[in-house]
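S.K.: Have a look; sequence and predicted model below, questions after that.
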Amino acid sequence: MQHGKIEYKMIFVIAVIVISWSLNSCVAQSRASVPESSVRQTQVITETKKPQGWKIKTASSVYQMAVARDGIVIPVYYGPRGAPLQVSRANVHVSPKVGSLIREVPFRGGFIAQTPSVEVIFPDRTRECDLVYSSSQILEIEGFPCLRIDLGDSAYGLTVSSYIRVIPELDILEKWLVLKNKEKDPILIENAQSGSAWLPADEYDLFHLSGRWGNEFMLQRTRLTPGVKTIQTRAFVAHENPPWFTVTPAKQGSETQGPVWFGGLHWSGNWRFDFEKFPSGNVQIIGGINFWDTAWQLKPAEEFSTPKLVLGFSPEGMSGASARMHNYIRNHVLRKKFRDALRPVLYNSWYATTFNVNEQQQLALARIAREIGVELFVIDDGWFKGRNHDRAGLGDWTVDKKKFPNGLQPLIKKISDLGLDFGIWVEPEMVNPDSDLYRAHPDWVLHYPKRTRHEQRNQLVLNLAGEGVYNYLLESLSTLLRENNIRFIKWDRNRALSDVGWPDAPVPMQREVRIRFINNLYNLIDELQTRFPEVLFESCSGGGGRTDLGIISRMDQVWTSDNTDPADRVMIQYGYSHAFPAKLMVSWVTNADWHKVSPSLKFRFHVCMSGVLGIGTDLTKWSEEERKLAADMIALYKKIRPLVQEGILHRLHSPFEGNRAALQYVSPDGSEAVVFLYNLWETLPGSTRTARASGAVKLTGLDPDANYLLSGDRRGTASGETLMNIGLPWFVRGNFNSAIVTLKKQTQ
Ligand code: GLA
C-alpha cells in the first residue's frame, strides 16, 4: 500500500467489517421486502493482499481492483464468478515513467487511454489531475455493504471518493463519486462521471432503447467496434434513449443464456453512456451526467456528488438482466411509501373530453368508471385557469372558474363518495406565454436576452434552477393539494430544453443551470411528498419521455406512450420490459386505431392488462355489452394483478421477430403464473419463422414435478415439465387476437 498505514488500516477494516456485520443482522430484520441473500454480507467486499486491492463478490459476479505501483487504482476484472482472477504483474508493476493507463476512476492527466470520468481545472489553470490512492473503508449504506476508496490529487487539494454499494443477490453495483475541494480557491469541474467499468476482452454487442414521440422504447442492437459509441440526451427529453443498456458477448448472449452486463442511471437530466472498445478487445463502460455545455464551480470546502450509476451482471442472458433490474426497481428504487402497494386501475378522461371539462360530464364518466371496477379517476389537462387549448394557461395552477364555478371540491367530494380516489394532471416546469405567470415574470424562463425564445407546443421552459420559480411552484402546488382531496398527480413535461440561458445568475453558475434544474426538480417533488405523503405520483413526458431511475425513485409509476394503439403497444411495451417492470408501466384501453386494423375491445384489454391497467376512452360511448366486457376484464385483472405487478417476467416470443408475442409472469415460488398470448396477424401455417418454430409456446419458471391447473382462455391440467418442455399449444388464431391463461400449482 503506497499511501496508507497498513497495520492500522487492517485493524480498522476488521473493526468496520465486524460493525457492519452486526448492523447487517439488525437491518435485515426490518427489510422484509428484500429477498434473502445467499451471499453472506461479510464476504461481499474483501481486501486482497497480493496485489493490494479489493474484491467484490455478488451471487454471480466478481469485481476486482488493485493499487498499482504508481498509486493509481486500476480495474482488474469484472465478470462471472469462477473465472481466473490473476492480476498480471505488468498491470500492477507499471513503470512510473509511463504510469497506469487503465484506471478505475479515469482522469484527465498524464497519458490518456480511456474516456475520462474526472476532468477539472485547478485555480492555477492546471488542467490535469493525478488521482492516487489514499485510503479505503468498507461501510454499510441502508443495509448493504459499500466500498469507499478515497483518492487524492498528488499536488492539489482535490479528493475524489469512489463509492461502490453492492446488492449481492441481484448482482448489482451502484457507483458514484464525491469530489471535494480542499484548495483555497474554486476548482472548475468540467466533467464528473458516476462510474466506469472495464470488461474482459471479447467481441461485444450493445443493446439500448431508442425512439421518438408515440414510438418509445424500441430495442436496438449494435456491434461495438473499436472506437466510442455514445448514447445520450442533451435536452432532457429521453424519448430517444432512456438511460439503460446491456452489453453481451456477440456470440454468447441470448434472451435466456450467456453473460450480460447491464446498467442504468439515477438521473433525469442530461446524461451519457460511452462504450469504448479498445484494440485489445476490452470495453470500457462509463456513464453519468452529460457535461455537454455544463461546468460546475466547486468552491473551497464544497463537495460535488454524482448521481448513482447502476451496473449489473446476469449469467442468464437478457431475461436475467431484466429480472434483476425489475427486482432492483421494485425493492430498492421505488419510494418506500408505495413500494409494496399494488397500483390502482385508473380512468383518465383526456381522450374523452380533452380541454373541454366540466363537473357534470366528469361525474358522468366517473359513475361508469366506478360501475366497471375502476379505482382511481383522473382529470387530465384543461381544468386550470384559461386552459381552453394548448396555447394558454400553463403556469396558472388555480381552478378555472368558468368550467368549475364552485372549484374542484364538489366534484372531488362526489367522486370520493362513489368510492373512487381523485387524481389530477399538472405540468409544473412549463409556461404558456399567454398566462398570468408569464405576464408577471417573463424573466423566469430559460432564455438569452438577445435570442428568440423558441416554443414547442406553445410552451417555454421555466428555469427551475432559479429560487423564484422553485418557491412559486412549491406554493401553488401545495395550495392545490391542500385545498383539494387529491390522491394522485400525473406530472407531465411536454417539451425539450432550448435557449438554456440564465442571464440573472452569477457567471460561473450559468453553466450549472441544467444540474441545478434537476436538483431543484427533485427537491420540489420530495418536499411536496413530505407535505402530502398520501399522494401517488405518475411521471409523464409527452408519453414516456421521462423514464429513468432518478424519477422512478420519486414517482411511483410512468405513462408509457401517447400511442395507445394496442398493436403498437405490444411492441412499445415489449421494449419497455427490458429495462423497467410492469408495475410502473401505465397502459390505457382506448379506441385509438393508428393503423385502421380495428382490434377488438378484448385485445385492447389484454394488451393493457400486462402492465398497470387504465381506461382512457369516452365511456359514455360504450354499449352495455362493452361495459360488461370491461367489467369482466377489470375483475380478471384484479386477480392477476399481483402476478403482473410483482411477478418475474419471462418474454416468450418477441413481436419484433414474427407475427406473435407472448409474455409470462410467474410468482417467485413458481406456484402461479399468467400467460399473455398475442397474435398480431394470421399467417399461413408454417410461413413465418415464429409460426414454424412454435406450434406451441414453451413456458418457463415452473415446478417441473407439479401439476398445474389452467384457466382463462385455456382450461385443463398439465405438468410443469410438459408446459416447459413441450409447451402450451399456440391456439390463438386470427388477426389481432389474444388470450390470457392463468396457471395454478396443484397441491397433492
Ligand atoms: C401529454 C400527455 C398526454 C396528455 C396531454 C395533455 O401529451 O402525454 O397523456 O396528458 O399531454 O395535454
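M.R.: On my side now, so go ahead. The structure displayed is predicted, hence computed values, not measured ones.
S.K.: Run a quick neighbour tally on the residue in the stretch 101-250 of the chain positioned nearest to the ligand.
M.R.: At 8.5 Å from the ligand, residue 213 is the closest residue in the stretch 101-250 of the chain, using C-beta to the nearest ligand atom. Where you see a C-beta, it was placed from the backbone N, CA and C, and this is true even at glycine. By the criterion of other C-beta atoms under 10 Å, residue 213 has 17 neighbours.
S.K.: That one touches residue 543, doesn't it?
M.R.: Yes - using C-beta atoms under 8 Å, residue 213 is in contact with residue 543, at 5.9 Å.
S.K.: residues touching residue 712, list them.
M.R.: With contacts defined as C-beta atoms under 8 Å, 6 or more residues apart in numbering, the neighbours of residue 712 are 636, 674, 739-742.
S.K.: Among these, which one has the most neighbours?
M.R.: Busiest of those [other C-beta under 10 Å] is residue 674, holding 24 neighbours.
S.K.: Surely it is in contact with residue 637?
M.R.: No - using C-beta under 8 Å, residue 674 makes no contact with residue 637, being 10.1 Å away.
S.K.: joint contacts of those two?
M.R.: Listed as contacting both residue 674 and residue 637 by C-beta under 8 Å, 6+ apart are residue 644.
S.K.: wait, is residue 598 part of a helix?
M.R.: No - Residue 598: not assigned to a helix; according to DSSP: H, G, I helix; E, B strand; the rest coil it is coil.
S.K.: and it, how far is that from the ligand?
M.R.: The gap separating residue 598 from the ligand is 23 Å, by C-beta to the nearest ligand atom, to the nearest Å.
S.K.: Run the chain-centre distance for stretch 589-601.
M.R.: Put simply, stretch 589-601 sits 29 Å off its chain's centre (C-alpha atoms, centre = their mean, to the nearest Å).
S.K.: Name the residues that touch that stretch?
M.R.: For stretch 589-601, contacts defined as C-beta under 8 Å, 6+ apart pick out 351, 563-568, 604-605, 608, 613-618, 626, 629-630, 735-737.
S.K.: Endpoint to endpoint, it covers what distance?
M.R.: Using C-alpha to C-alpha, to the nearest Å, the end-to-end distance of stretch 589-601 comes out at 8 Å.
S.K.: What's the mean pLDDT across that stretch?
M.R.: Averaged across stretch 589-601, pLDDT comes to 93.
S.K.: what sits against the closest residue to residue 126 other than its chain neighbours?
M.R.: Here the nearest residue to residue 126 in space, its sequence neighbours aside, is residue 156; by C-beta to C-beta, 6 or more residues apart in numbering that works out to 7.2 Å. Neighbouring residues of residue 156 by C-beta under 8 Å, 6+ apart: 122, 126, 129, 183, 187.
S.K.: filter the residues you listed to the buried ones?
M.R.: Neighbour counting by 16 or more other C-beta atoms under 10 Å classes 122, 129, 183, 187 among the contacts of residue 156 as buried.
S.K.: Any idea how many residues pack against the residue of the stretch 301-450 of the chain found nearest the ligand?
M.R.: Here the residue of the stretch 301-450 of the chain nearest the ligand is residue 381; by C-beta to the nearest ligand atom that distance is 3.6 Å. Neighbour count for residue 381, taken as other C-beta under 10 Å: 23.
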